[in-house]
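A.B. asks: build me a model:
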Amino acid sequence: MNHPKINPPLLTALVISAASIITGTGLALLPSFTTIAAHASSTPEMAPPLTAPAPPSLNPNFFVGLAEKTIPSVVNISTQTIRKTSPSDFGYPWNQFGSPFGNEFEPSMRKSGSLGSGFVIATSDNSSAIILTNQHVVAHADEIKVTFTESPDEKPTPGKVIGRDSELDVALIQVKTDRKLTPLPLGDSDALQVGEYVAAVGNPFGQGHSFTHGIISAKGRISPNVPLATYIQTDTPINPGNSGGPLINLQGQVVGINNAIDARAQGIGFAIPINAVKKILPELESKGSIARGYMGVVVSDLTPETAKQLGLKSSLQAPLVVQVAMGGPAFQAGIRPYDLITEFNGKQIQSASELTTQVTSLPEGKEIPIKFSRANQSFEAHVKLGERPTQEEKS
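C.D. replies: Residues are numbered from 1 along each chain as shown. Below you'll find the model as predicted:
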């Protein structure tokens, strides 16, 4: 499946509107930078030369062993979507009046295909395995085929989606197979460091199992495609078809799920942190979907400029309520636009993303204590969480 490409003109708008129905986040302007020369004295003091640390001892063929260890657990996924077409799909109005060419333009079935990747995370005694991939790889698919090798004699194995979560863009596929499969261990994405070596395995452009490596370029990138998590950025070569494949650390553990690329450049790829996914896997496997808490507010981070306009201290940090769903949980708790959420479930809240994390980590129906302020007055209430609408329901 092709990666969702981040359209450059749309990127900023998407990022700024990354707020979901639960909460929204705004972008604070970067601080202005002053050149070093502006503070230089007439007789600058020279800094001592930097001593580079000794390079770590690394077998130049280390990645050979890592590839041999991980590639057998990665699968290629192909999907087919069957859509009924009619003359109106091609701009012809004859479906209302009848075609002058007989049955030539009668409704027909059209197939479209896509490619992606996935990896084995569990096996069972009854010859079945569970594969983790991106939801956009299997979305709307009528037929899913999984291949484990590139052998021309291998017959593709049918796959069945047993769980979907469009909020994190992940899905679980179950396959029946007698193959001896080894699940990939799931690592700790929070422990990743910028500059750390990682590798990606996938099916770029349908080329089959491909192994590339690079480093972690950044963490915590805002994700327009995945509203409930921030991206891991990597310069590891990732291409269309790598979607759903694993991002692996040097211990052979999955630390991310390859998800998107920046279409403007090479070497800017993004992965969903595996820690965000591990939290939902048990529920996704057992129930097939994820139920998340919902307050019914849109909030943004309070900027110093907005704080000044509202007569608040510029140093104050708290999510500002921008919109409240009429009749929703927050509305019933007495929360209104321009209120500041200062505490949720006994925890001080300083940003919109914090509130999102707290609310979506709780189930529907739970009653939560909340503190908010309005015109410099503090209020306490209880909010009974509803169920967060899915991406499909929002659209």
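A.B. asks: drop to CA atoms for contacts and neighbour counts, all remaining ones
C.D. replies: Will do.
A.B. asks: the longest strand seen in the chain pairs with which strands?
C.D. replies: Counting residues, the longest strand found in the chain (DSSP state E) is strand 108-123. Take DSSP bridges as the rule and strand 108-123 pairs in its sheet with strand 74-85 (antiparallel), strand 128-133 (antiparallel).
A.B. asks: what's the most buried one of these?
C.D. replies: Sort these by mean neighbour count, taking mean count of other CA atoms under 10 Å, and strand 128-133 sits at the top with a mean of 24.
A.B. asks: how about the most centrally placed residue in the chain, what does it touch?
C.D. replies: Closest to where the C-alpha atoms of the chain average out (CA atoms, centre = their mean) is Val226, at 3.5 Å. Contact analysis of Val226 by CA atoms under 8 Å, 6 or more residues apart in numbering lists 167-169.
A.B. asks: go again with 10 Å.
C.D. replies: 18, 166-170, 259, 272 (CA atoms under 10 Å, 6 or more residues apart in numbering).
A.B. asks: how is the protein divided into domains?
C.D. replies: Following automatic domain parsing, the chain resolves into domains at 5-16+185-277, 293-394.
A.B. asks: just to revisit the earlier point, buried sites along the longest strand of the chain?
C.D. replies: By 16 or more other CA atoms under 10 Å, the buried positions in strand 108-123 come out as 114-123.
A.B. asks: with stretch 200-207 instead?
C.D. replies: Quick answer for stretch 200-207 (16+ other CA under 10 Å): 200-204, 206.
A.B. asks: can you show me the helices along the stretch 251-395 of the chain?
C.D. replies: Using DSSP state H, counting those that start in this stretch, the helices of the stretch 251-395 of the chain run over 274-278, 281-287, 304-309, 329-332, 352-360, 391-394.
A.B. asks: tell me how many other residues crowd Thr182.
C.D. replies: Per other CA atoms under 10 Å, the neighbour tally for Thr182 reads 17.
A.B. asks: hmm, Phe148 and it touching each other?
C.D. replies: No - under the criterion of CA atoms under 10 Å, Thr182 makes no contact with Phe148, lying 11.6 Å away.
A.B. asks: need the overlap of contacts for the two.
C.D. replies: With CA under 10 Å, 6+ apart, Thr182 and Phe148 have common neighbours 72-74, 119.
A.B. asks: pLDDT added to those residues, as CSV?
C.D. replies: Converted to CSV, the shared contacts of Thr182 and Phe148 look like this (pLDDT from 0 to 100):
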residue, pLDDT
Pro72, 96
Ser73, 96
Val74, 97
Phe119, 97
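A.B. asks: re the thing from before, closest one to Ala381 among the strands paired with strand 108-123?
C.D. replies: Proximity to Ala381, assessed across those by CA to CA, is greatest for strand 128-133 (40.2 Å).
A.B. asks: and whatever helix or strand comes next after the closest one, what does it pack against?
C.D. replies: Downstream of strand 128-133, the first helix or strand assigned by DSSP states H and E is helix 135-138. Judged by 3 or more CA pairs under 10 Å, 6 or more residues apart in numbering; DSSP states H and E, helix 135-138 is in contact with strand 74-85, strand 108-123, strand 157-165, strand 170-176, strand 254-262.
A.B. asks: report the rounded mean pLDDT for the helix or strand just after helix 135-138.
C.D. replies: Next helix or strand after helix 135-138 toward the C-terminus (DSSP H and E): strand 143-147. Taken as a whole, strand 143-147 has an average pLDDT of 95.
A.B. asks: just stretch 309-323 next, same as before
C.D. replies: Mean predicted confidence for stretch 309-323 is 90.
A.B. asks: distance from the chain centre to it, please.
C.D. replies: In terms of CA atoms, centre = their mean, to the nearest Å, the centre of stretch 309-323 is set 28 Å apart from its chain centre.
A.B. asks: and if you look at stretch 348-357?
C.D. replies: Its chain's C-alpha centre and that of stretch 348-357 lie 18 Å apart, by CA atoms, centre = their mean.
A.B. asks: can you give me the end-to-end distance of it?
C.D. replies: End-to-end distance of stretch 348-357 (CA to CA, to the nearest Å): 13 Å.
A.B. asks: mind listing what's buried in that stretch?
C.D. replies: For stretch 348-357, by 16+ other CA under 10 Å, it's 349-356.
A.B. asks: wait, Ser223 touches Phe270, no?
C.D. replies: Yes - if you go by CA under 10 Å, Ser223 and Phe270 touch, sitting 8.8 Å apart.
A.B. asks: of those two, who's got more company?
C.D. replies: Each of Ser223 and Phe270 has its neighbours counted (other CA under 10 Å); Phe270 has more, 29 against 21.
A.B. asks: leaving out chain neighbours, which residue sits closest to that one?
C.D. replies: Taking CA to CA, 6 or more residues apart in numbering, and ignoring the residues beside it in sequence, Phe270 has Gln233 as its nearest neighbour in space, at 4.7 Å.
A.B. asks: where's the one you found relative to Gly214, distance?
C.D. replies: Distance, Gln233 to Gly214, using CA to CA: 11 Å.
A.B. asks: which residues do those two both contact?
C.D. replies: Gly267.
A.B. asks: of those two, who's got more company?
C.D. replies: Taking other CA under 10 Å, Gln233 and Gly214 do not tie; Gln233 has more neighbours (24 against 16).
A.B. asks: point out where this structure drops to low pLDDT.
C.D. replies: Low-confidence segments of the chain (pLDDT under 70): 1-58, 84-110, 390-395.
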